[in-house]
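Asks: Predicted model and sequence follow; I will ask about them next.
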Amino acid sequence: MLIGAGHLAALWALALVQPLFDLLGRNPDFFVARGDTSGDILAFSLLFTLVPPLAILALEALAQWISPRLRWGLHLVLLALLVAVIALQALKGLASGPAGVLIAAAAGLGAAGALAYARTRFAQSLMTVLLPAPLVVLALFLVFSDVSKLVFPQEEASAASVEVRRPAPVVMVVFDEFPGGSLMSPDGRIDASRFPNFAALARRSTWYRGATTIAGFSSRAVPSVLSGRLPDAGELPTSSDQPRSIFTLLGNRYRLRVMENATALCPADLCPQPEGQGAGPGDRLDSLFSDLRVVSGRLLLPDSMADDLPDISQTFGGFAASDDAPPGVTGAGNGEQLAVGLAAGVTEDESVRVARFVSGIRPLRTPTLDLIHIEKPHYPWNHFPDGQRYSRLQSEWASFLGGHSEWKGPRFITDIALQRHMLEAGYSDHLLGEILRRIRRTGLFNRSAIIVAADHGGAVMPGRPRRNPRPANLGQVASVPLFIKAPGQRAGRVVERRTCTTDVLPDLARLLGIRYPWPTQPCPPETVTVADEPSGEATLSFSALERERDQYVARIAALFPGEGWSSVIDFGPGRRLLGRPVSSFDVVGGTQAATLDPPPDLNRIDPAAPEVPFSLIRGSVDGAREGEAVAVAVNGAIAGSGLLFDQEGESRFSILAAPSRFRKGANRVAIYRLLGRGPSTRLQSLGP
């Protein structure tokens, strides 16, 4: 019986453990971003490899006690299941097809394997040869993959011996996936009506309008901001792999209060975990297993079934918390590569992290570095500029992002996506305002060095990748906000030349009177090169990049004209009809009906609440065509509009209505098709 259990353990290792370990071994950033310790990784690896086979052994022992024939039958059934899992993975790699066909074929191969095992000594001997598989798979993952750097002790980085001749408090804020052009108006200035806090900062700091990133993904872009070094694909975003950073530069003289996200560049002895913060080992393991169940599903199931699982392409964790994803939502690469994004605190709203960060900013006798990496306006987008949250969806637009995250579908899809991005950028301005107000209240503003940057941008362009750099999207992917306020600086200025995010740390050293102890990186003034993930790069002249950025700014102005956020929130084909009573239209009937997804609770609405999920009105219309215009009416007046889009064969809509268009208490919502344009527009009732 023990030999038979060993056979099943070998199959378990080959069917489930090896594919997952192979993926994680190629993406060790997954563990770094989640804050998983070496103990977490080791415990997970041992539990996942050994506990299921031990459970199978116990189950077979119970069956043997009842009846040897029962144990043998159970053994063959389990063996057939595991062989079928292996066969399904092979079939997925060889051909695509309906899930039912692939599963039936895999089940047939599993049954054939079990039959061969039952009737031939050769099959049993072959399984005996595979008995070491669990230990081999475990060793390959823990010792020979890139994860080994996280499991085994590495030499810790230490603080540099430098003299700080002009010590000053330092506050550094790094935003995520933030194109520099999103802040701008066509006249080349910060749009103060939408981004008042960035505009206020620009009036007292140096705005590097030509700032560009050097990598398109956080795990490489953030370390370059914090270390002043070009990215190296062979390095992890950890202090042992990248010992030269802002933390080791200032660590000898400064007290460090740091909230990293997706990286672990600050050595533990310089940045100890604050007491009471962070999940315990049990919670981290529970979260890890929860996320990896989703990852395993995407690895093992046929694509058409895996598509119904939560998206894993946007963050490094919290996948199971992704809610209400419609059928057909896919992850980039269908699970072949984990997201190169963010994760620490993925289920926690950034406002909570920022509030915690803000509460720690205070004057001390010892110079301080307060640093936070804010996961905004990174996709998914789910906030209004004032901080109200209209959605907790993680995957609403993922089905329009291809295998390399290129935007698919008609142009108006990216117009809607741009609306949501701009609102999230406004929320980022709101978060920045919270930080700046705290700095001013504590009296630190004038004497502090303040740095506000972004790790990389993001493109919202038809047929172009969202983050993977290409010459055609560098105007949005490479261009990033960068503001540096020197201690005592009172007047703003603008630097037009190309500036690299690798220049930030040397510039800070200069402001603090530090003789920079490490080599600086070149920043060619005429050429921009941005590293891709996991390898490759895109190159464009700086002048061409500026033209692309300016085209992006012009597109924003054309889609959302005027000042403030009303034209962004009210964006849609019927924006001129908003506020008009339904009774003033010619309303016609029809056989088609709209279905809201999910049906909102309209009886207890509070437009002033921190979360306003009723503002995002989503659903489908039977028998309608893509591109048809629909409108949402709230309490008998038009409150929002949009175009129908095809999503896996369904005609769907996703429309934002300003919270102010709802009243406290009970409300009524109805959907209409817009017939005609201008004064002669008619409405066709679609219910509900």
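Replies: Received, thanks. Numbers count the residues shown, from 1 in each chain.

Asks: residue contacts, the nearest residue to Phe141 once chain neighbours are set aside?
Replies: Leaving aside its chain neighbours, Phe141 sits nearest to Phe21 (4.0 Å; criterion: CB to CB, 6 or more residues apart in numbering). All C-beta spots, glycine's among them, are computed from the backbone N, C-alpha and C. Going by CB atoms under 8 Å, 6 or more residues apart in numbering, Phe21 touches 45, 137-138, 140-141, 145.

Asks: So Phe21 versus Cys266, what's the distance?
Replies: 28 Å (CB to CB, to the nearest Å).

Asks: same question, Leu577
Replies: According to CB to CB, Leu577 stands 53 Å off from Cys266.

Asks: Contact partners for the nearest residue to Asp191 once chain neighbours are set aside?
Replies: Leaving out its chain neighbours, the residue that sits closest to Asp191 by CB to CB, 6+ apart is Ser185, at 4.4 Å. The neighbourhood of Ser185, defined by CB under 8 Å, 6+ apart, consists of 191, 553, 557.

Asks: per-residue pLDDT, the last one?
Replies: Ala557 carries a pLDDT score of 98 in this model.

Asks: In a strand, it, correct?
Replies: No. Read with DSSP: H, G, I helix; E, B strand; the rest coil, Ala557 is helix and lies in no strand.

Asks: That one contacts Gly188, doesn't it?
Replies: No. Using CB atoms under 8 Å, Ala557 makes no contact with Gly188, being 11.9 Å away.

Asks: Adding distance to Ala200 and neighbour count, write the contacts of Ser185 out as a markdown table.
Replies: Compiled in a markdown table, the contacts of Ser185 are given as follows (distance: CB to CB, whole Å; neighbours: other CB atoms under 10 Å):
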| residue | distance to Ala200 | neighbour count |
| --- | --- | --- |
| Asp191 | 13 | 23 |
| Val553 | 20 | 23 |
| Ala557 | 22 | 16 |
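
Asks: from those residues, which is closest to Ser218?
Replies: Val553 (24.2 Å; CB to CB).

Asks: how much space between the closest one and Pro534?
Replies: Using CB to CB, Val553 is found at 31 Å from Pro534.

Asks: thinking again about what came up before, now for the contacts of Phe21, which sits with the most neighbours around it?
Replies: Neighbour tally across these (other CB atoms under 10 Å): the maximum, 24 neighbours, falls on Phe141.

Asks: Can I take it that it is in a strand?
Replies: No. Counting by three-state DSSP, Phe141 is not found in a strand; it is helix.

Asks: I'd say it and Ser45 touch.
Replies: Yes. Between Phe141 and Ser45 there is a contact under CB under 8 Å: 6.2 Å.

Asks: Out of the contacts of Ser185, the closest to Ser96 would be?
Replies: Val553 (41.0 Å).

Asks: so which strand or helix has the closest one?
Replies: Element membership for Val553 (DSSP states H and E) is helix 542-559.

Asks: The lengthiest helix in the chain versus helix 542-559: what angle between them?
Replies: The helix spanning the most residues in the chain, taking DSSP state H as the definition, is helix 411-441. Helix 411-441 runs at 100 degrees relative to helix 542-559, counting by axes from the mean of the first three to the mean of the last three CA atoms, to 10 degrees.

Asks: Ala199 in helix, strand or coil?
Replies: At Ala199 the chain is in helix, as set by three-state DSSP.

Asks: correct me, but it touches Trp207?
Replies: No. With contacts counted by CB under 8 Å, Ala199 stays clear of Trp207, the gap being 9.7 Å.

Asks: For these two, indicate the residue with more neighbours.
Replies: Shown here are Ala199 and Trp207; by other CB under 10 Å, Trp207 has more neighbours (26 against 18).

Asks: hang on, that one in a helix?
Replies: No. Counting by three-state DSSP, Trp207 is not found in a helix; it is strand.

Asks: quick one, what contacts it?
Replies: 190, 482-483, 492-495.

Asks: got it, and Gly627?
Replies: By CB under 8 Å, 6+ apart, the contact set of Gly627 is 410, 412, 643-645.

Asks: who wins for most neighbours among the residues you listed?
Replies: Counting neighbours by other CB under 10 Å, Leu644 comes out on top of the contacts of Gly627 with 22 neighbours.

Asks: Would you mind confirming that that residue makes contact with Arg625?
Replies: Yes. The criterion here is CB under 8 Å, and Leu644 meets it with Arg625 at 7.0 Å.

Asks: any shared contact partners between these two?
Replies: Common neighbours of Leu644 and Arg625 (CB under 8 Å, 6+ apart) are Ser651.

Asks: Quick one, grab the pLDDT at Thr520.
Replies: For Thr520, the pLDDT comes out at 95.

Asks: on contacts alone, who are the packing partners of the strand or helix carrying Arg284?
Replies: Using DSSP H and E, Arg284 sits within helix 281-300. Under the contact definition 3 or more CB pairs under 8 Å, 6 or more residues apart in numbering; DSSP states H and E, helix 281-300 sits against helix 18-26, helix 29-34, helix 38-66, helix 68-94.

Asks: can those go into TSV with extra columns for distance to Leu230?
Replies: Converted to TSV, the helices and strands packed on helix 281-300 look like this (distance: least, CB to CB, whole Å):
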stretch	distance to Leu230
helix 18-26	22
helix 29-34	17
helix 38-66	28
helix 68-94	35
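
Asks: Which one, of those helices, ends up nearest to Ser245?
Replies: Nearest of the helices and strands packed on helix 281-300 to Ser245, taken as CB to CB: helix 29-34 at 14.3 Å.

Asks: Which of the residues in stretch 446-464 are classified as buried?
Replies: 448-461, 464 (16 or more other CB atoms under 10 Å).

Asks: Mind checking which of those residues land in strands?
Replies: Among these, the members falling in strands (DSSP state E) are 449-454.

Asks: for those, which one is nearest Leu81?
Replies: Once CB to CB is applied, the member of those that ends up nearest Leu81 is Ala454, at 47.8 Å.

Asks: partners of the closest one in the sheet?
Replies: Under the criterion DSSP bridges, Ala454 forms beta bridges with Phe175.

Asks: can I assume Arg497 sits in a strand?
Replies: No. According to three-state DSSP, Arg497 belongs to no strand; its state is coil.
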